[in-house]
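Chemist: This is a predicted model, with the sequence first.
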Amino acid sequence: MRSREGELIPVVQRSYDLCAAIYEHVNRFPRAQRGLIGRVVIDDALRMLALLTVANRLRERAGSLAEASGRLDAVRIALRLSHQLGFLSHGGYELLSLRADEVGRMLGGWMKHVATKGGAEAVPALGSPSPPASPASKGPRYTMTSPTIEKYLRAKLDHPSTLVVVAVGAFYQTFFEDAAWCARELKFALRDLAADSEPERIPACGFPRGRLEHYREVLASRGRTVHAV
């Protein structure tokens, strides 16, 4: 399945973008390391991209997705090592980690969807098992590169097990899996705030900023802590 005729599905597109960004940063490694750890991380990233591309054409795709997930884990470890050894700048590591985390989120959702449906279905639009989002009406619309979304994703990278909310005007908004969880557990309305140009959904929900402490207590009673940015 493709998101539109001639376009890559979102998880493959994000993997493609990750590979391009890795190649750009590896070219800045010391010459001796480009053919060592640099080659390793590029090879694993390209192999992951190939597995995801092929998986989308297979009827039984669970094995390819599991191998792609393993390749992504290898990419993350190689990036961490490159950063620790000083070959990759802090800014470069942060950017690549953010992109790898996004691919991992989408790939994890695809794997869960396949496991639930028996392996034959195509990838969901977002790559996650969240409930359908109702169409957005009024209010801001976002793409994956919007400052609000980037702020959420960066905070989520640092607080993966915490429910992250971002201040947007008079409200706190949360997105993706956090939004799906809140919609399910707290009976919030789940909206799709993706801009028309964005090929994937951006589920979101929120509450008034003045109610932050109230919802901290409510969520704590359900085993979730809140990180507000």
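Modeler: Sure thing, it's come through.

Chemist: tell me what the one helix or strand G109 maps to is packed against?
Modeler: Using DSSP states H and E, G109 maps to helix 90-117. Using 3 or more C-beta pairs under 8 Å, 6 or more residues apart in numbering; DSSP states H and E, the elements in contact with helix 90-117 are helix 10-26, helix 62-84, helix 147-158, helix 176-186. Every C-beta, even on glycine, is put in place using the N, C-alpha and C of the backbone.

Chemist: now the angle from the longest one to helix 10-26?
Modeler: When you say that, I think you mean helix 62-84. Computed by axes from the mean of the first three to the mean of the last three C-alpha atoms, to 10 degrees, the angle separating helix 62-84 from helix 10-26 equals 30 degrees.

Chemist: Between helix 90-117 and helix 62-84, find me the angle.
Modeler: Using the same axes, to 10 degrees: helix 62-84 against helix 90-117 is 160 degrees.

Chemist: residues of the helix holding G109 that come out buried?
Modeler: Within helix 90-117, the residues that qualify as buried are 92-93, 95-111, 113-114, counting by 16 or more other C-beta atoms under 10 Å.

Chemist: Could you check how far the residue lying farthest from the centre of the chain is from R39?
Modeler: Distance from the C-alpha centroid of the chain, by C-alpha atoms, centre = their mean, peaks at A32 (32.4 Å). As defined by C-beta to C-beta, to the nearest Å, A32 lies at a distance of 11 Å from R39.

Chemist: what comes up buried for stretch 145-162?
Modeler: Buried residues in stretch 145-162 (16+ other C-beta under 10 Å): 146, 148-149, 152-156.

Chemist: Which residue, other than its chain neighbours, is closest to T162?
Modeler: H227 (4.5 Å; C-beta to C-beta, 6 or more residues apart in numbering).

Chemist: right, I mislabeled it, should have said K151
Modeler: In space, K151 is closest to V166, 5.4 Å off (C-beta to C-beta, 6+ apart).
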